[in-house]
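>>> A structural model of the following input is requested.
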Amino acid sequence: MTDTGQRNRPQETLTKESPDEAVGKSSTTKRGGGDPATRGRTTIADGVVEKIAGLAARDVDGVHAMGGGLARTFGAVRDRVPGGSGSKSVSRGVKAEVGEVQTALDLEIVVEYGVSIADVARDVRENVIGAVERMTGLEVVEVNIAVSDVKLPDEEDDEPQGRLQ
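Next comes the predicted model:
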């Protein structure tokens with residue numbers, strides 16, 4: 001009669017290695033298991049995607065400014081105050097929702113008078129999607145663009161000029 005515990009265990013074969021063979025095997029053993037790029041998780045904050053998208057949108061010809069009139073005015077004042085957050089102006093007019101592998105963006109822009117709004121919107125969409133996907137690796141599922149104003153040639157900017165006293 002045989003023991004059932006013995007019957008289900010795999011057979012082990014013992015081989016005797018020389019000390020040199022044992023050293024050689026341990027030095028070639030791969031540590032960590034797998035591609036280093038798959039070890040861990042990367043998260044990207046909404047603000048990072050907003051900054052990338054804001055800069056990419058501003059690079060398009062025909063985009064005069066980002067954000068609505070009131071937001072631009074307050075942002076310009078805030079940017080000129082010593083100690084104010086200048087980096088916020090980069091993402092002004094941009095809202096991002098970032099998931100694990102995808103992102104969606106809402107942009108509010110002011111276009112220059114005389115340009116085709118449809119062409120500017122298409123160019124902004126292409127530039128933003130290219131920049132965000134290239135820099136973050138996220139899939140951009142949508143870029144919604146709201147044109148809030150048109151900058152006329154004879155209009156002064158809403159942003160105050162010079163330094164605040």
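
>>> contacts and neighbour counts: CA atoms only from here.
OK.

>>> Quote the end-to-end distance of stretch 104-124.
14 Å (CA to CA, to the nearest Å).

>>> Which strands or helices does the lengthiest helix in the chain pack on?
Determined from DSSP state H, the single longest helix within the chain is helix 117-136. For helix 117-136, the packing partners by 3 or more CA pairs under 8 Å, 6 or more residues apart in numbering; DSSP states H and E come out as helix 46-58, strand 139-151.

>>> With just CA atoms, put the first one into CSV.
The C-alpha atoms that make up helix 46-58 are tabulated as CSV, following Å, rounded to 0.1, in the frame of the first residue of the first chain:
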residue,chain,number,x,y,z
ASP,A,46,-5.6,66.6,-15.3
GLY,A,47,-3.6,69.8,-15.0
VAL,A,48,-0.7,68.2,-17.0
VAL,A,49,-3.0,67.4,-19.9
GLU,A,50,-4.6,70.8,-19.6
LYS,A,51,-1.2,72.6,-19.9
ILE,A,52,-0.2,70.4,-22.9
ALA,A,53,-3.5,71.1,-24.7
GLY,A,54,-3.4,74.8,-23.9
LEU,A,55,0.0,75.2,-25.4
ALA,A,56,-0.8,73.2,-28.4
ALA,A,57,-4.0,75.2,-29.0
ARG,A,58,-2.2,78.5,-28.8
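
>>> circling back to that earlier point, compare the helices and strands packed on helix 117-136 and give me the one nearest residue 123.
helix 46-58 (8.5 Å; CA to CA).

>>> List the buried residues in that closest one.
For helix 46-58, the neighbour count (16 or more other CA atoms under 10 Å) marks 47, 49-58 as buried.

>>> Which single one of the residues you listed is nearest to residue 120?
residue 57 (9.6 Å).

>>> these two touch, right, the closest one and residue 126?
No. Between residue 57 and residue 126 there is no contact under CA atoms under 8 Å: 9.2 Å.

>>> hmm, back to that, now, which of the buried residues of helix 46-58 sits nearest residue 143?
residue 53 (9.7 Å).
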